[in-house]
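Peer 1: When you get a sec, could you give me coordinates for this:
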Amino acid sequence: MVSLAMGIIVGPTIGRLIYEQTHDNSTILKAAAGMALFLIIYTVFLPESRPQELRVAEVSRIPPRPLHSRYPKESMSFPGMVKQLLIETLEPLCVFLPGRIEPTENVLPSRYTLLLLIAAYAFGQFGSNGITTVFIPYSNLVFNWNPEIDGYYFTFYGASTFVVYVAIFPALQYAYDSFTQQKESATISTAATTTATKGSINLPTGKDGDMINGEYSIITGGSAAAGDDDSAEVLLGAGVLVDGGVTKKDASIKKDLAIFVSGGVLMAVGFAIVPIFETGSILFIACAIHSLASIGQTAFTSLMTAYVPSHQTGMALGGVCILDTLLQATAALLYGLIFGHTSATVPSAVYIVSTGMWMMSLAVTAVILSEYRRRWAQQ
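Peer 2: Numbers count the residues shown, from 1 in each chain. So this is what the prediction gives:
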């Protein structure tokens, strides 16, 4: 995200400089196309982009096996080729269906959690991609912006995103960790005191009672006598629930959930304020809010990969990339139609639609949170 922010800052600046020298928009498009072509060639020749057989062969110094095509050698009809291509393209998306992801040490609250997480992500991204498609026509129509002001806007977006990920996001993580650690320490101290008190209870005497008391003192009295720190370590080692019923193993997931929900709320607020106030300055305020809200995407990736084994991570991330492409295409089509029909009467209708999409995303996220709360309550 930091690299993306730097690109958004530098890109409009380069475009403006080229236009000042040439006064020709086609030159800017040619420069952008050349940079995109360079990126494609650079990506193709990256070591990570080469087939695994070639990379393994270079490391082990053995001849690579011939790469076989996944398509059958016999000729196929055109409809069959289209069907096969669709299957190959959409196959990574099916990895999020129940039962397709192999289990990891992190147990899902339900078999539909990953599917719900992808649905929440899809609703939100659909709304954001749609606004990106119609933003320039909207700003030009409603606020009479010109390409120069549009460039200032995108530069501001890049700068604010850069500040968020370099300074604000780390500070928020530090504040969250400090708060949860203080809350956890207080819970552990209370649990240690309770355990030490139980160790001093007079158990039944006699042969059986002495035996029970002796065994009981090994478990409780020993840890309590060692002091609060050792007692806390014993309690944590035994998996004592902290922070409202969440174990330390789930602390990272709870943190990601908090960031993901916060990002969704900020996104909805950022889109909602535009049709309410509808001024040029409110677009910059909404831009800053959306820059801060983008931390939810980082939390989404962390949540998803927490439940995906390492050998399936590539397929899962590929499925997300395919989903992003489909969302961009469909959002551009739908929002173009909406803006075309409402631009003369209610041009901000596209922002109302995006607010609704993010509200739907938050509704799905609420279902995910209820599943986690149910599991933590059972623990």
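Peer 1: Shouldn't Ile8 be within a helix?
Peer 2: Yes. With DSSP: H, G, I helix; E, B strand; the rest coil as the criterion, Ile8 is part of a helix.
Peer 1: need the contact list for it.
Peer 2: Counting by C-beta atoms under 8 Å, 6 or more residues apart in numbering, Ile8 touches 154-155, 157-158, 161. Any C-beta I mention is one placed from the backbone N, CA and C, and that applies to glycine too.
Peer 1: Report the contact partners of the residue nearest in space to the middle of the chain.
Peer 2: A centroid search over the chain (C-alpha atoms, centre = their mean) returns Phe300, at 2.1 Å, as the residue closest to the centre. Residues near Phe300 by C-beta under 8 Å, 6+ apart: 117, 121, 260.
Peer 1: returning to that earlier point: filter the contacts of Ile8 down to just the ones in helices.
Peer 2: Using DSSP state H, the subset of these located in helices is 154-155, 157-158, 161.
Peer 1: who wins for neighbours among the residues you listed?
Peer 2: Greatest neighbour count in these, by other C-beta atoms under 10 Å, goes to Thr161: 24 neighbours.
Peer 1: just the ones in helices among the contacts of Ile8 now: which is nearest Ile352?
Peer 2: Proximity of the ones in helices among the contacts of Ile8 to Ile352 (C-beta to C-beta) peaks at Tyr157, which lies at 21.3 Å.
Peer 1: So, low pLDDT: which residues of this structure?
Peer 2: Within the chain, the segments meeting pLDDT under 70 span 1-2, 43-75, 188, 191-249, 379.
Peer 1: buried sites along the longest helix along it?
Peer 2: In the chain, with assignment by DSSP H, the single longest helix is helix 310-342. Residues 312, 315-316, 319-320, 323, 327-328, 331, 334-335, 338-339 are the ones in helix 310-342 that count as buried (16 or more other C-beta atoms under 10 Å).
Peer 1: Please tell me how far it is from the chain's geometric centre.
Peer 2: 15 Å (C-alpha atoms, centre = their mean, to the nearest Å).
Peer 1: shouldn't Gly264 be in contact with Ala366?
Peer 2: No. Using C-beta atoms under 8 Å as the test, Gly264 is too far from Ala366 to be in contact (9.9 Å).
Peer 1: more neighbours, these two?
Peer 2: Gly264 (26 against 13).
Peer 1: Which of the helices or strands spans that one?
Peer 2: helix 251-277 (DSSP states H and E).
Peer 1: Could you identify the helix or strand that succeeds the longest helix of the chain?
Peer 2: Following helix 310-342 toward the C-terminus (DSSP H and E): helix 349-378.
Peer 1: What residues of that following helix count as buried?
Peer 2: 349-355, 357-362, 364-365, 368-369, 371-372, 375-376.
Peer 1: name the helices or strands packed onto it?
Peer 2: helix 113-143, helix 251-277, helix 310-342 (3 or more C-beta pairs under 8 Å, 6 or more residues apart in numbering; DSSP states H and E).
Peer 1: if we go to 10 Å?
Peer 2: Here helix 349-378 touches helix 113-143, helix 251-277, helix 295-306, helix 310-342, going by 3 or more C-beta pairs under 10 Å, 6 or more residues apart in numbering; DSSP states H and E.
Peer 1: can I get those in TSV with distance to Ile28?
Peer 2: As requested, the helices and strands packed on helix 349-378 are exported to TSV (distance: least, C-beta to C-beta, whole Å):
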stretch	distance to Ile28
helix 113-143	14
helix 251-277	28
helix 295-306	28
helix 310-342	21
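Peer 1: For Leu93, find the nearest of those helices.
Peer 2: Here helix 310-342 is closest among the helices and strands packed on helix 349-378 (C-beta to C-beta), at 4.8 Å.
Peer 1: Identify the contacts common to Gly264 and Ala366.
Peer 2: Ala120 (C-beta atoms under 10 Å, 6 or more residues apart in numbering).
Peer 1: mind listing what Gly130 touches?
Peer 2: Applying C-beta under 10 Å, 6+ apart, one finds that Gly130 lies in contact with 327-328, 330-336, 338-339, 350-351, 353-354, 357.
Peer 1: 8 Å instead?
Peer 2: So Gly130 contacts 331-332, 334-335, 338, 350, 353-354, 357 (C-beta under 8 Å, 6+ apart).
Peer 1: sorry, back to before: any idea how far the residue nearest to the centre of the chain lies from Leu86?
Peer 2: Using C-beta to C-beta, to the nearest Å, one obtains 26 Å as the distance from Phe300 to Leu86.
Peer 1: And the strands in the stretch 51-200 of the chain, which stretches?
Peer 2: For the stretch 51-200 of the chain, strands defined by DSSP state E, counting those that start in this stretch do not occur.
Peer 1: what's the spacing between the nearest residue to Leu172 once chain neighbours are set aside and Phe179?
Peer 2: Among residues not flanking Leu172 along the chain, Ile295 sits closest, at 7.5 Å (C-beta to C-beta, 6 or more residues apart in numbering). For Ile295, the distance to Phe179 equals 17 Å [C-beta to C-beta].
Peer 1: ok, Phe123 touching Val364?
Peer 2: Yes. Assessed by C-beta under 8 Å, Phe123 is found in contact with Val364 at 6.6 Å.
Peer 1: so which of the contacts of Gly130 comes closest to Ser110?
Peer 2: Among the contacts of Gly130, and counting by C-beta to C-beta, the member closest to Ser110 is Met357, at 24.0 Å.
Peer 1: okay but Gly11 is in contact with Ala36, surely?
Peer 2: No. Taking contacts as C-beta under 8 Å, Gly11 lies outside contact range of Ala36: 11.5 Å.
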